[in-house]
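1. Structural data only, the sequence is not supplied:
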């Protein structure tokens with residue numbers, strides 16, 4: 001009887017409470033690693049190739065701990081990038097609201113997984129071997145219940161709690177936090193045309209996925225960190241696998257290159273550099289805009305302008321760097337009112353839109369794009385706005 005009671009209370013391992021917590025964290029971390037390395041960076045974006053042994057281990061582990069099907073996850077994520085924050089985005093807080101995505105993100109995932117058109121269109125290149133067709137995709141709950149049995153055998157009654165944590169880990173951290181908060185709060189290194197943000201510093205918990213804005217700027221990069229202070233633990237694991245010849249990195253974000261000397265002309269190399277680093281350029285432009293607003297507030301204060309005018313500037317300054325989709329109608333109207341009252345800031349915003357058009361034209365030839373960029377730099381340097389003139393001079397130094 002004592003033996004049975006001991007087994008029920010502690011299972012085969014007979015671990016202390018802190019050991020159970022530690023093992024649970026290790027188990028959930030392996031799941032996070034499988035999602036970010038296998039599903040996300042390798043399968044969805046082809047940023048790296050994994051050795052078949054590593055790839056199949058991750059696939060098996062995800063079957064046991066999440067029940068997710070590779071082709072479904074990949075298709076849904078690719079659709080998110082293709083339709084980001086527009087109609088059709090499977091899990092955008094701009095569309096569904098932050099509460100629904102944060103707390104019910106897994107429900108949105110299941111709804112989209114039932115969309116056969118999404119799976120058919122976006123799942124190309126995912127595994128379709130015998131195991132995938134006859135086990136992983138066909139019996140999605142079998143692995144989950146096998147994990148429950150294993151947890152009960154290893155940990156005893158507390159194994160039920162371990163299993164529950166394993167089952168909730170990805171729905172909360174990935175489907176909720178990354179898809180929700182990763183488009184709602186945080187900081188931005190790059191002005192990508194969406195509201196993606198970085199949620200530093202919780203990378204150990206979610207494997208580097210918190211660097212969501214970096215990822216949206218360079219979607220196919222196997223490395224998510226960009227700044228020296230950002231820690232991408234998923235990239236650390238990839239480097240280890242690479243050293244063991246178990247992974248081959250195919251793509252990383254390009255490093256910023258600036259010519260040492262200022263150029264008086266805009267060349268084809270300049271154009272390629274500007275297009276390659278367009279999101280970094282727009283982030284720098286947004287910073288210039290915010291600084292210009294601060295200077296205007298200071299000038300208005302010294303000139304004795306009305307408090308209402310200063311308050312409007314202070315109210316809208318953070319919106320100048322946000323994507324239009326992140327602004328509600330009232331916020332957009334307030335921004336338009338401010339720009340109507342300030343010629344200099346209106347000019348800066350107009351020039352930003354003109355610069356954005358340089359790389360968004362789908363029909364213009366390289367010669368036309370080069371001409372557009374040359375004209376933009378010329379207009380910027382003739383604008384009479386010192387910050388814009390300096391920005392244009394720096395823009396001429398970009399290289400591919």
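-> Okay, I see it. Everything numeric here is computed off the predicted structure, so don't read it as measured data.
2. Which positions in stretch 21-37 come out as buried?
-> Neighbour-count burial for stretch 21-37, counted by 16 or more other CB atoms under 10 Å, picks out 23-24, 27-37. Just so you know, the C-beta spots here come from the backbone N, C-alpha and C atoms, and that holds for glycine as well.
3. Need the residues that contact that stretch.
-> With CB atoms under 8 Å, 6 or more residues apart in numbering as the test, stretch 21-37 has contacts from 15, 48, 50, 58, 61-62, 65-66, 155, 162, 165-166, 169-170, 173-174, 204-209, 234, 237-238, 241.
4. Could you turn the buried ones of the residues you listed into a PyMOL selection?
-> Applying 16+ other CB under 10 Å to the contacts of stretch 21-37 leaves a buried subset, and the PyMOL line that selects it is:
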select buried, resi 15+48+50+58+61+62+65+66+155+162+165+166+169+170+173+174+205+206+207+208+209+234+237+238+241
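5. quick one, what contacts the residue sitting nearest the centre point of the chain?
-> Central residue of the chain (CA atoms, centre = their mean): residue 212, 2.4 Å from the mean position. Taking CB under 8 Å, 6+ apart, we find residue 212 in contact with 178, 182-183, 186, 196-199.
6. Tell me how far it lies from residue 47.
-> 15 Å (CB to CB, to the nearest Å).
7. same question, residue 277
-> 19 Å.
8. And for residue 356?
-> 26 Å.
9. more neighbours, the two?
-> Set residue 356 next to residue 47 and count neighbours by other CB atoms under 10 Å: residue 47 wins out with 24 against 15.
10. The closest residue to the more buried one other than its chain neighbours - how many residues pack around it?
-> Excluding the flanking residues, the one nearest residue 47 by CB to CB, 6 or more residues apart in numbering is residue 222, at 3.5 Å. Per other CB under 10 Å, the neighbour tally for residue 222 reads 27.
11. ditto for the one 3 residues further on
-> Other residues within reach of residue 225, judged by other CB under 10 Å, total 22.
12. how close does it get to residue 350?
-> 34 Å.
13. give me the number of residues near residue 314?
-> By the criterion of other CB under 10 Å, residue 314 has 12 neighbours.
14. The nearest residue to residue 196 once chain neighbours are set aside: how many residues sit nearby?
-> Among residues not flanking residue 196 along the chain, residue 216 sits closest, at 4.0 Å (CB to CB, 6+ apart). For residue 216, the neighbour count with other CB under 10 Å is 22.
15. Span of stretch 26-41 from start to end?
-> The first residue of stretch 26-41 is 21 Å away from its last residue (CA to CA, to the nearest Å).
16. quick check: mean pLDDT across it?
-> In this model, stretch 26-41 has a mean pLDDT of 98.
17. Helix or strand next in line after the strand or helix carrying residue 148, which one?
-> Using DSSP states H and E, the element containing residue 148 is helix 142-155. Heading C-terminal from helix 142-155, the first helix or strand you meet, by DSSP H and E, is helix 159-172.
18. tell me how far that following helix is from the chain's mean position?
-> Centre-to-centre, helix 159-172 and its host chain are 24 Å apart (CA atoms, centre = their mean, to the nearest Å).
19. Name the residues of stretch 283-294 that are buried.
-> Applying 16+ other CB under 10 Å to stretch 283-294 flags 283-286, 288-289, 292-293 as buried.
20. same thing with stretch 297-307?
-> Counting neighbours by 16+ other CB under 10 Å, the buried set in stretch 297-307 is 297, 300.
21. what's next to that stretch, contact-wise?
-> So stretch 297-307 is in contact with 309-310, 313-314, 317, going by CB under 8 Å, 6+ apart.
22. hmm, 6 Å instead?
-> 310, 313 (CB atoms under 6 Å, 6 or more residues apart in numbering).
23. Next: stretch 73-84.
-> With CB under 6 Å, 6+ apart as the criterion, stretch 73-84 contacts 39, 43-44, 89-90, 112, 118-119, 122-123, 126, 194, 219.
24. What is the most widely separated pair among those?
-> Greatest spacing in those, by CB to CB: 126 and 194 (24.5 Å).
25. of those two, who's got more company?
-> residue 194 (23 against 18).
26. which stretches of the stretch 201-350 of the chain have low pLDDT?
-> Low-confidence segments of the stretch 201-350 of the chain (pLDDT under 70): 263, 305, 319, 321-327.
27. all strands of it, in order?
-> Shown for the stretch 201-350 of the chain, the strands assigned by DSSP state E, counting those that start in this stretch span residues 247-249, 257-258.
28. The longest one pairs with which strands, parallel or anti?
-> Just to be clear, that refers to strand 247-249. strand 48-50 (antiparallel) (DSSP bridges).
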